[in-house]
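[1] My questions concern the predicted model and sequence given below.
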Amino acid sequence: MSAWTSSRVAAGSNPDWQQRLTDSLEASTGWSNALQPLVHHMMEGLPLTLDEGMVLYTHPNLNEVGRLAHMVRAARFDDKAFFNSNVHVNQTNVCVLACKFCAFRRSKKASDAYALDIDAYLEDLSQYADHVDEVHSVGGLHPDWGVEHYEDLFRATRKAFPHITIKALTAVEIKHLSQLSNLTYTKTLTRLKEAGLGSLPGGGAEILDDDVRAIICNGKESSQEYLDIHRAAHGVGLSTNCTMLFGTIETLEQRLQHMISLRDLGSETRGFQCFVPYPFLPDDTRLPEAQLATGSEILRTIAVSRLMLHSIPHIKAYRMNIGDELAELALQFGADDIDGTVQKESIMHLAGSTTPLDHDRYQLSRLIKDAGCIPIQRNTTYERFETYVAPEPKRIKRLKVVQE
Ligand code: SF4
């Protein structure tokens, strides 16, 4: 088993990936007329434009788009595919907002509303603690929990489980805490980091277009606030992920502009580690006008993400949302990461996900190998890596045949 480390910015990428990409594109042949100008643009190391993104989104040959995305992914990571050992503990479903796509939130008085106090949170986590090195915690905007609550929670978690990194609180939760505690984003994030917060997940980006947001998540942070909060996190040394919820009411142009906004911030701060595009799941939500992405569209969006986002190293095929089968295929369409073992998750499953929650490292490694990749276990922040070698399958003992 081999282990290695990487810097926060490189996040495990080959340092000369751009040159490797140029070399492999120069050696490649057979591109259709529609994609040739774009391939030349990429050879020069230039970011793709919104118009080029539209060419990728509307190109009739999905496999050709996937081939191009796979070349970028291979230049960065060869045939490695990443996963980690993690668990999701959602601290509360009580939320003062009511985003239309959300099947998770409850009002404080709802019969199935819950809010884990610190002991209950630690008790929940303790059931998985021996098998994970990351806890992913996001939840509703609880009206009574300010920054002090989360400082206490993170300190207690780090004390009880020092080997577990805390990846917690989406941008809108940071905004909510900042408002409740009357602090700037930077001050809020600094205090949380000092209390043990290790990184931020990317949730809540939805589509960074305020007209779309006004319809699907009215009252949430604005597009600019999402970017400002992630910029502030990068400024205090916290790495973050970023996401895109697609298949609601947005146009293709709005998806591409979303990617370009994140790409620009990534170029400025080098603080994004992973982009997670995930389709809207409709169960129990209030968005009948949603367009719902098909399997091909999900693969295409993952490929387009890889091609548009040169300043964000990792593209995740989020198996909790798209399922194991599509996540496996996505590893050949530009994705390099399939998230983790997860063990426990509520938000996507309440919205209709049927992805199994009990996968262990062996099962994930099988999924990765079947996609033609080498399984690599990573830590939360993509700085420590280890090649995962699956244990030998147990031999079945043969029963002795008793002769009469
Ligand atoms: S998506 Fe988040 S902010 Fe919106 S209603 Fe659900 S829990 Fe609340």
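    Now that the structure is in, tell me what you want to look at.
[2] Start and end of stretch 126-134, how far apart?
    12 Å (CA to CA, to the nearest Å).
[3] Pull out the buried residues from it.
    128-129, 132-134 (16 or more other CB atoms under 10 Å). Every C-beta, even on glycine, is put in place using the N, C-alpha and C of the backbone.
[4] and which of those residues is nearest to the ligand?
    residue 134 (20.5 Å; CB to the nearest ligand atom).
[5] so what's the closest one up against?
    Shown in contact with residue 134 (CB atoms under 8 Å, 6 or more residues apart in numbering): 84-87, 164-167, 340, 379-380.
[6] In JSON lines, list those residues along with distance to residue 223.
    What follows is the contacts of residue 134, written out as JSON lines (distance: CB to CB, whole Å):
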{"residue": "84", "distance to residue 223": "29"}
{"residue": "85", "distance to residue 223": "33"}
{"residue": "86", "distance to residue 223": "28"}
{"residue": "87", "distance to residue 223": "31"}
{"residue": "164", "distance to residue 223": "32"}
{"residue": "165", "distance to residue 223": "28"}
{"residue": "166", "distance to residue 223": "26"}
{"residue": "167", "distance to residue 223": "23"}
{"residue": "340", "distance to residue 223": "28"}
{"residue": "379", "distance to residue 223": "30"}
{"residue": "380", "distance to residue 223": "26"}
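[7] Keep only those of these that are also close to the ligand.
    Among the contacts of residue 134, proximity to the ligand is found for none (CB under 6 Å from any ligand atom).
[8] element containing the residue positioned nearest the centre of the chain, please.
    Geometric centre of the chain, nearest residue: residue 276, 3.7 Å, by CA atoms, centre = their mean. Assigned by DSSP states H and E, residue 276 belongs to strand 272-279.
[9] And the helix or strand following that strand, what does it pack against?
    Using DSSP H and E, the helix or strand that follows strand 272-279 in sequence is helix 295-308. Contact partners of helix 295-308 among helices and strands, from 3 or more CB pairs under 8 Å, 6 or more residues apart in numbering; DSSP states H and E: helix 50-58, helix 62-77, strand 239-246, helix 252-269, strand 272-279, strand 314-315, helix 324-330.
[10] which one among the buried residues of stretch 126-134 gets closest to residue 196?
    When these are ranked by distance to residue 196 (CB to CB), residue 134 comes first, at 12.9 Å.
[11] For the residue nearest to the closest one when sequence neighbours are not counted, list the residues it contacts.
    Among residues not flanking residue 134 along the chain, residue 86 sits closest, at 3.9 Å (CB to CB, 6 or more residues apart in numbering). Residues near residue 86 by CB under 8 Å, 6+ apart: 132-136, 167, 339-343, 380.
[12] Now distance to residue 142 too, for the helices and strands packed on helix 295-308, in CSV please.
    What follows is the helices and strands packed on helix 295-308, written out as CSV (distance: least, CB to CB, whole Å):
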stretch, distance to residue 142
helix 50-58, 38
helix 62-77, 39
strand 239-246, 21
helix 252-269, 28
strand 272-279, 24
strand 314-315, 31
helix 324-330, 32
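[13] Compare these and give me the one nearest the ligand.
    Using CB to the nearest ligand atom, the nearest of the helices and strands packed on helix 295-308 to the ligand is strand 239-246, at 9.4 Å.
[14] Please work out which residues outside the closest one touch it.
    Strand 239-246 has contacts (CB under 8 Å, 6+ apart) with 8, 101, 199-207, 230, 233-234, 255, 258-259, 262, 266, 271-280, 293, 301, 305, 312, 316, 381-382.
[15] residues from the stretch 201-350 of the chain in reach of the ligand?
    Proximity of the stretch 201-350 of the chain to the ligand, by CB under 6 Å from any ligand atom, involves residues 217, 220.
[16] what stretches of the stretch 201-350 of the chain score poorly on pLDDT?
    Counting by pLDDT under 70, the stretch 201-350 of the chain contains low-confidence ranges at 284-285, 343-350.
[17] Could you rerun that using 50?
    Within the stretch 201-350 of the chain, not a single segment meets pLDDT under 50.
[18] how much space between the residue nearest to residue 134 and residue 131?
    As defined by CB to CB, to the nearest Å, residue 86 lies at a distance of 9 Å from residue 131.
[19] Over to residue 63?
    Per CB to CB, residue 63 is found 38 Å from residue 131.
[20] where does the stretch 1-150 of the chain have low pLDDT?
    In the stretch 1-150 of the chain (pLDDT under 50), no residue qualifies.
[21] how about the residues of it near the ligand?
    Residues of the stretch 1-150 of the chain lying close to the ligand by CB under 6 Å from any ligand atom are 95, 97-99, 102, 104-105, 140-141.
[22] out of the contacts of residue 86, who's nearest residue 12?
    residue 380 (12.7 Å).
[23] how about the strands in the stretch 101-250 of the chain?
    Taking DSSP state E, counting those that start in this stretch as the criterion, the stretch 101-250 of the chain contains strands spanning 134-137, 165-168, 197-200, 239-246.
[24] Parallel or antiparallel, list what pairs with the first one.
    Using DSSP bridges, the neighbouring strands of strand 134-137 in the sheet come out as strand 86-88 (parallel), strand 165-168 (parallel).
[25] Tell me the buried residues within the contacts of strand 239-246.
    Buried by 16+ other CB under 10 Å: 101, 199-207, 230, 233-234, 255, 258-259, 262, 266, 271-280, 293, 301, 305, 312, 316, 381-382, out of those.
[26] ok, so of the contacts of residue 86, who is nearest the ligand?
    Nearest to the ligand, judged by CB to the nearest ligand atom, of the contacts of residue 86 is residue 136 at 14.4 Å.
[27] My read is that the closest one contacts residue 167, right?
    Yes - counting by CB atoms under 8 Å, residue 136 touches residue 167, with 5.1 Å between them.
[28] shared neighbours, these two?
    Among the neighbours of residue 136, those also in contact with residue 167 (CB under 8 Å, 6+ apart) are 86, 201.
[29] OK, contacts around residue 208?
    Residues counted as contacts of residue 208 (CB under 8 Å, 6+ apart) are 223, 226-227, 257-258, 261-262.
[30] still on that earlier bit, any quick ChimeraX command for the buried ones out of the contacts of residue 86?
    Command for ChimeraX that selects the buried part of the contacts of residue 86, burial taken from 16+ other CB under 10 Å:
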select :132,133,134,135,136,167,339,340,341,342,343,380
